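**Q** kindly return the folded structure for what I paste below:
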Amino acid sequence: MSDGVGDLRTDVAHGARIYDYILGGKDNYAVDRAAAEASQQVWPALPVHMRANREFMHRASRFLATDCGIDQFLDIGTGIPTRPNLHEVVQEVKPEARVVYTDNDPIVLAHARALMTRNGQGRTAYVDADLRDPDTILNSREFQETLDPNRPIGLMLIAVVHFIEDDDEALDVVRRIVDVLPSGSYVAATIATDEYAPELLAEVRRAYSEHGETLKFRSRTTAQRFFDGLDVVDPGLVQMHKWRPDDLESLDVPEADIAMYAAIARKP
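**A** Numbers count the residues shown, from 1 in each chain. Prediction:
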């Protein structure tokens with residue numbers, strides 16, 4: 001696994017660092033802050049949207065651990081750690097739970113090594129890799145030694161596929177990972193869409209692009225394709241704040257403030 005030091009780019013924005021800045025973190029650079037500020041200028045709801053994404057991750061991982069009995073997770077595109085992290089959520093339910101985190105930003109790697117430490121009986125590991133290269137993830141020592149490939153795995157794809165612009169490529173790399181997961185595994189994903197605020201989000205996409213980061217919005221029809229062949233659990237593919245909310249207040253958020261679909265599906 002590369003230590004990532006030579007890969008650090010501070011001249012182009014990175015999704016994980018933009019996300020970090022908007023959530024109040026300090027692990028970002030001027031270009032990330034510029035991209036975030038430009039995006040918020042045209043779409044002030046961006047912080048609301050990003051918090052909703054984080055909250056969905058918490059609900060989804062808790063659901064998989066509590067209701068589905070999943071005790072091992074592969075989280076691709078984990079981003080800079082913001083507590084509670086996925087392993088902290090699931091290890092509250094299952095202390096023995098194991099998590100493999102994956103991202104391609106050296107800053108995420110540094111934080112992963114420092115913060116994503118073993119908690120109780122459970123175990124965490126980190127793979128320095130890109131979703132576009134699933135073989136590197138699946139063949140890594142960290143993945144193979146941390147997770148049991150013969151038992152169900154929870155695959156978390158939270159706010160990551162929109163960084164792959166080509167639909168066929170995005171669908172293919174996700175399918176290649178799902179294909180190796182055992183029966184009984186689950187996929188939880190949030191997928192960016194502009195169907196609720198197309199004009200504003202066109203400006204957000206432009207702001208990301210001007211600062212060196214890709215942002216691809218997808219229709220509901222295309223988003224549904226990521227779950228082809230899987231059994232989608234209730235309530236199906238919905239805006240992420242509507243997926244089994246912890247309280248009714250979250251449903252008061254205007255639809256135009258949320259630009260991601262979310263779903264969880266089981267592999268037969």
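
**Q** return the helix or strand in the chain with minimum mean pLDDT.
**A** Ranking every helix and strand in the chain by mean pLDDT, DSSP states H and E puts helix 106-115 at the bottom, with a mean of 70.

**Q** any weak-confidence spans in the stretch 101-250 of the chain?
**A** The model of the stretch 101-250 of the chain has pLDDT under 70 over residues 111-121, 248-249.

**Q** if you set the cut-off to 80 instead, what comes out?
**A** Along the stretch 101-250 of the chain, segments meeting pLDDT under 80 span 105-121, 248-250.

**Q** list the contacts of the longest helix anywhere in the chain.
**A** Scanning the chain for the helix with the most residues, using DSSP state H, yields helix 46-66. Taking contacts as C-beta atoms under 8 Å, 6 or more residues apart in numbering, the residues outside helix 46-66 that touch it are 19, 22-23, 36, 39-40, 70-71, 73, 82, 84, 86, 89-90, 93-94, 97, 154, 156, 158-159, 186, 188, 190, 204, 240-241, 243-246, 250, 253, 257-260, 262, 264. (Glycine included, C-beta is placed from N, CA and C.)

**Q** in the stretch 101-250 of the chain, which spans are strands?
**A** Secondary structure of the stretch 101-250 of the chain by DSSP state E, counting those that start in this stretch: the strands cover 123-128, 154-158, 186-192, 231-232, 238-239.

**Q** tell me how far the second one lies from the chain's centre.
**A** Read it as strand 154-158. Between the centre of strand 154-158 and the centre of its chain there are 6 Å (C-alpha atoms, centre = their mean, to the nearest Å).

**Q** list the buried residues of stretch 22-32.
**A** Neighbour-count burial for stretch 22-32 flags I22, L23, G25, D27, N28, Y29, V31, D32 (criterion: 16 or more other C-beta atoms under 10 Å).

**Q** which residue packs closest to the residue minimising distance to the centre of the chain, ignoring adjacent ones?
**A** Residue closest to the mean C-alpha point of the chain, counted by C-alpha atoms, centre = their mean, is I158 at 2.0 Å. Of all residues not flanking I158 in the chain, M57 sits nearest, at 4.8 Å (C-beta to C-beta, 6 or more residues apart in numbering).

**Q** okay, now that neighbour: neighbour count?
**A** 24 (other C-beta atoms under 10 Å).

**Q** could I get the buried residues of stretch 22-32 as TSV with distance to L181 and secondary structure?
**A** Formatted as TSV, those follow (distance: C-beta to C-beta, whole Å; DSSP: H, G, I helix; E, B strand; the rest coil):
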residue	distance to L181	secondary structure
I22	32	helix
L23	30	coil
G25	31	coil
D27	31	coil
N28	33	coil
Y29	35	coil
V31	36	helix
D32	33	helix
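
**Q** closest to V233 out of these?
**A** Nearest to V233 among these, counting by C-beta to C-beta, is L23 at 27.5 Å.

**Q** got the contact list for the closest one?
**A** L23 makes contact with P47, M50, R51, R54, T82, according to C-beta under 8 Å, 6+ apart.
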